[in-house]
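K.L.:
got a sequence here, can you model it:
(one chain, ligands or ions: 1)
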Amino acid sequence: MSIKEAVTEAQTATATATTRYVGQSVARLDGPAKTTGQARFAAEHSYPDLAYAALVYSTIARGRIIAIDTTEARGVQGVVTVLTHQNAPAMSPPGKMSLLRPSSMAVSASVNYLATDEVHWNGQPVAVVVAETPETARYAASLVRPAYEQFPAVVDFAAAIPDAVPDKGIPLLAGPADKGNAVAALAAAPVSVDLEFSTPQHNHNAIEPHATTAVWNGDQLTVHEGSQHISGLRAHLAKRFGVPEEAIRVLSPFVGGGFGAKTRPWAGTLLAVLAARVTGRPIRLALSREGVYHTVGGRTASTQRVALGASRDGRLTAIVHSSVSRTGRVGGMAEPITEVTQHLYAAPNIQLSQRVVQLDLLSNTFMRAPGEAIGSFGVESAMDELAWKLGRDPIELRMINEPDRDPVGGQPFTHRMLREAFTLGAERFGWQDRDPRAASMRDGRWLVGMGVATAYRGSMAMPAAVTVRLQADGTVVVLCGLHEMGMGAPTVQAQVAADQMGVRLEAVRIEYGDSELPRSAGAFGSAQTASVTASLLAACTKLKKSVLTLARRLPDSPLKGVKLGEVDARDGGLYHQGGGLRYTDILAAAGRDQVEAAHKTNMPAFVAKTVRDLRFRSRSASGAHFCEVRVDADTGEIRVSRWLGVFDVGTVLNARTASSQLRGGIIWGIGMALEEQTLIDPRTGRIVNPSLSEYHIPVHADIPHIDVHYLNEADPTMPLGLLGLGEIGITGAAAAVANAIRHATGKRVLDLPITLDKVL
Ligand code: MOS
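P.N.:
Residues are numbered from 1 along each chain as shown. As a prediction, the model looks like this:
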């Protein structure tokens, strides 16, 4: 086709405007692969000569292995080898944990598995059995008999609290603060509440338990693993196994849920790679649910004191929030429990402090909104209780104390729409139908209650690299090693790319989940989408510029002399007032198979912006939860009967996937309020309920329809106006349940979970 013909065709095409995809409820692109069973997860990759590994877990909390008898296990037919600290080659020790050094990012950081005889928690892997079948491996693992010398261990969180020491929290999420004199202001306040909350340990229960398939080919390593951070995993393995990063390929196209647990490698990953190295065979290690509880850290247990002082008209004069959390003696982080209280309410006097105890348990780790998920339970329950004491409506009390600048730092908010969120939510939920008296609403045997709470979580972006390729057939390929855990990450990037390049969604393909691709931000900190989008936008701009340059050089080009700012990418090509050309025609005429452009975060500029943001701006996603509960007046059975959330998460790329993320967070918040708790034997440090039959999480019958609304207004400081939404759903959710129960029954429950015995 000549350029003239191409121009004519292109002009006809302009009559039908290209659909814009950002904001549309597009179904997940990977959905069909998952629902038809074609998606292969980490434990579903087969290799010739594949062998299977199983772990042996310690049964003491602290001590030394004085002997380990593997004779019987080795005697089982089909056992390939049994690795213990006596015969396993040593891995290099892990570095000290640092946010800046991905290779160090392993929790239980000082544990060098199978390199010493030391035992640091009940459940620590002390041996690995490799066998021809998974059943044989598990059976033989049960026959390995370690003998221990036990040392005194501290495993009871409640008993250890008096020994807690102050902690500054983790970098960027400080938590502690001291403004004015909160202690004096609290003592002088005409109205106050002073409450002690407690929350139990929680464990991650992703639908896909942790699994690794590891294959060495000489000094080249391939790892299939569900990961939230493939570049971090690769860097860590390179360090532990003494090979360059380039020698390792991590493949993680499908992740069956992560929730923070798959941010870093844990024992199973390392030991699968080690076993593969020792045996020279591909190894699959799929942890049982119990194995996940033993080797992957959960959320800390906590106690919190929240004391609020107010004038009689409801203005806060003092906020005191202090917390105690726990780490493991061999790693973990003090969770930023008081962080959320930094930003919520205007008060002249604010004191926030965090303490931490070290226990002889597996280290804690990231779990959806670490710190904030439980910290928001404390502060949002206390605000509700203050409303009862003042005789004020709890929404009204929040609005009276809504700050116009960050309450501690004094920075302006880049976005703050909590007034709008509560106003819209109250109207949609029917808040005006709530009788303000406790235990006053009844429906047959059910006591009915309504509660609210604020959701709040900081928003950030991280570095990411993206390459975009335009192919001769007009398709657009986005290459970025991003992570898909079910939240729709590649789908929303495809929407962005389609809009930027002006092509149909079907013409975009995203390649992700592979460490050979340009390095993505990790899927944590609610930051992956904004981080990748920032680089995708820049890469698309570069790509269009290159394509325009090609187009301008063509004979009779309608784009001759046209600048990038004057063209519109749409209908599969570049257009301006005087006409345009399709990508297929530009590439054909220019004799090109493809045109590619790459963008990588400019680190000095990124660091400068991040520092500026931290110092001069307060930026968060926020929202308002509305919960209705029904409590059986005789049995105390608690049912959540209605839920509505209004969220300010900046621009909503895809309401379908966004709502699903937020609903997931709310469901988890309901589970946290009513069901979830990891029970630890205070004598032995053993988790006694490491299974879904005894660690309760909500099932469909526990969850009503969850109504999600958005304010959908772009944040001026984030790429495309996106504020992260991965974690905010859970913040405040447990408090909304507790506050609704308070309204239904008149009972304030301070320790989670709120089981029926606590409301009777
Ligand atoms: Mo999240 S706890 O940052 O995966």
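K.L.:
okay, and the residue of the stretch 351-500 of the chain found nearest the ligand sits in which element?
P.N.:
Sorted by distance to the ligand under Cβ to the nearest ligand atom, the residues of the stretch 351-500 of the chain start with Phe366, at 3.6 Å. Where C-beta positions appear, they are placed from N, C-alpha and C, glycine not excepted. For Phe366, there is no enclosing helix or strand under DSSP states H and E.
K.L.:
ok, the one 3 residues further on next?
P.N.:
Ala369 belongs to no helix or strand when elements are defined using DSSP H and E.
K.L.:
quick check: closest non-adjacent residue to it.
P.N.:
Counting by Cβ to Cβ, 6 or more residues apart in numbering, the nearest residue to Ala369 once its immediate chain neighbours are dropped is Glu727, at 4.0 Å.
K.L.:
count of neighbours near Asp433?
P.N.:
Asp433 is surrounded by 8 other residues when neighbours are defined as other Cβ atoms under 10 Å.
K.L.:
what do you get for Pro716?
P.N.:
Going by other Cβ under 10 Å, the residues that sit close to Pro716 add up to 10.
K.L.:
so who does it touch?
P.N.:
Under the criterion of Cβ atoms under 8 Å, 6 or more residues apart in numbering, the contact list for Pro716 reads 414-415.
K.L.:
per-residue confidence for it?
P.N.:
Predicted confidence (pLDDT) at Pro716: the value is 94.
K.L.:
can you start the count at 48 instead of 1 from here on
P.N.:
Taking 48 as the first residue, the last one we looked at is Pro763.
K.L.:
and it, what element?
P.N.:
In the assignment (DSSP H and E), Pro763 maps to no helix and no strand.
K.L.:
for the residue of the stretch 298-447 of the chain found nearest the ligand, helix, strand, or coil?
P.N.:
Evaluated by Cβ to the nearest ligand atom, the stretch 298-447 of the chain has Gly307 as its residue closest to the ligand, separated by 2.7 Å. Gly307 carries the three-state label coil when classified by DSSP: H, G, I helix; E, B strand; the rest coil.
K.L.:
circling back: the residue of the stretch 398-547 of the chain closest to the ligand touches Trp313, doesn't it?
P.N.:
No - taking Cβ atoms under 8 Å as the definition, Phe413 is not a contact partner of Trp313, at 12.0 Å.
K.L.:
dump stretch 384-397 to CSV, keeping only the CA atoms.
P.N.:
Output in CSV follows, covering the C-alpha atoms of stretch 384-397 (Å, rounded to 0.1, in the frame of the first residue of the first chain):
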residue,chain,number,x,y,z
ILE,A,384,1.6,-0.1,64.7
THR,A,385,1.3,3.6,65.6
GLU,A,386,2.1,4.8,62.1
VAL,A,387,-1.5,5.3,61.1
THR,A,388,-2.2,7.5,64.2
GLN,A,389,0.4,10.0,62.9
HIS,A,390,-2.1,11.1,60.2
LEU,A,391,-5.6,10.7,61.3
TYR,A,392,-6.8,13.4,63.7
ALA,A,393,-5.9,17.0,64.6
ALA,A,394,-4.7,17.3,68.1
PRO,A,395,-2.2,19.7,69.7
ASN,A,396,-0.6,16.9,71.8
ILE,A,397,0.3,13.6,70.3
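K.L.:
buried residues of it, list them for me.
P.N.:
Of the residues in stretch 384-397, those buried by neighbour count under the rule 16 or more other Cβ atoms under 10 Å are 384-394, 396-397.
K.L.:
ok, which of these also contact the ligand?
P.N.:
With Cβ under 6 Å from any ligand atom as the criterion, the buried residues of stretch 384-397 include none near the ligand.
K.L.:
quick revisit: what sits against the residue of the stretch 398-547 of the chain closest to the ligand?
P.N.:
The neighbourhood of Phe413, defined by Cβ under 8 Å, 6+ apart, consists of 307-308, 310, 571.
K.L.:
closest one of these to Gly375?
P.N.:
For these, the residue nearest Gly375 by Cβ to Cβ is Ala308; the value is 14.8 Å.
K.L.:
if I look at the closest one, how far off is Gln71?
P.N.:
Applying Cβ to Cβ, to the nearest Å, one obtains 31 Å for the distance of Ala308 from Gln71.
K.L.:
these two: which has the busier surroundings?
P.N.:
When neighbours are counted by other Cβ under 10 Å, Ala308 comes out ahead of the other of Ala308 and Gln71, with 26 against 15.
K.L.:
looking at this structure, which helix or strand is least sure?
P.N.:
helix 50-61 (a mean of 50; mean pLDDT, DSSP states H and E).
K.L.:
what about Asn134, how many neighbours?
P.N.:
Using other Cβ under 10 Å, Asn134 is surrounded by 13 other residues.
K.L.:
need phi/psi at it.
P.N.:
Phi and psi for Asn134, reported as degrees, to the nearest 10, are phi -130, psi 0.
K.L.:
list, one by one, the residues from the stretch 648-797 of the chain near the ligand.
P.N.:
Applying the criterion Cβ under 6 Å from any ligand atom, the portion of the stretch 648-797 of the chain that neighbours the ligand consists of Glu774.
K.L.:
who's in contact with Asp762?
P.N.:
The neighbours of Asp762, taking Cβ under 8 Å, 6+ apart as the test, are 461-462, 506, 666, 697-698, 768-770.
K.L.:
what do you get for Gly227?
P.N.:
The contact partners of Gly227, taken as Cβ under 8 Å, 6+ apart, are 395-397.
K.L.:
so of those, which ones are in strands?
P.N.:
With strands taken from DSSP state E, the overlap with the contacts of Gly227 comprises 396-397.
K.L.:
I'd like the contacts of Gly227 written out as CSV, with distance to Gly627 added.
P.N.:
As requested, the contacts of Gly227 are arranged in CSV below (distance: Cβ to Cβ, whole Å):
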residue, distance to Gly627
Pro395, 60
Asn396, 62
Ile397, 57
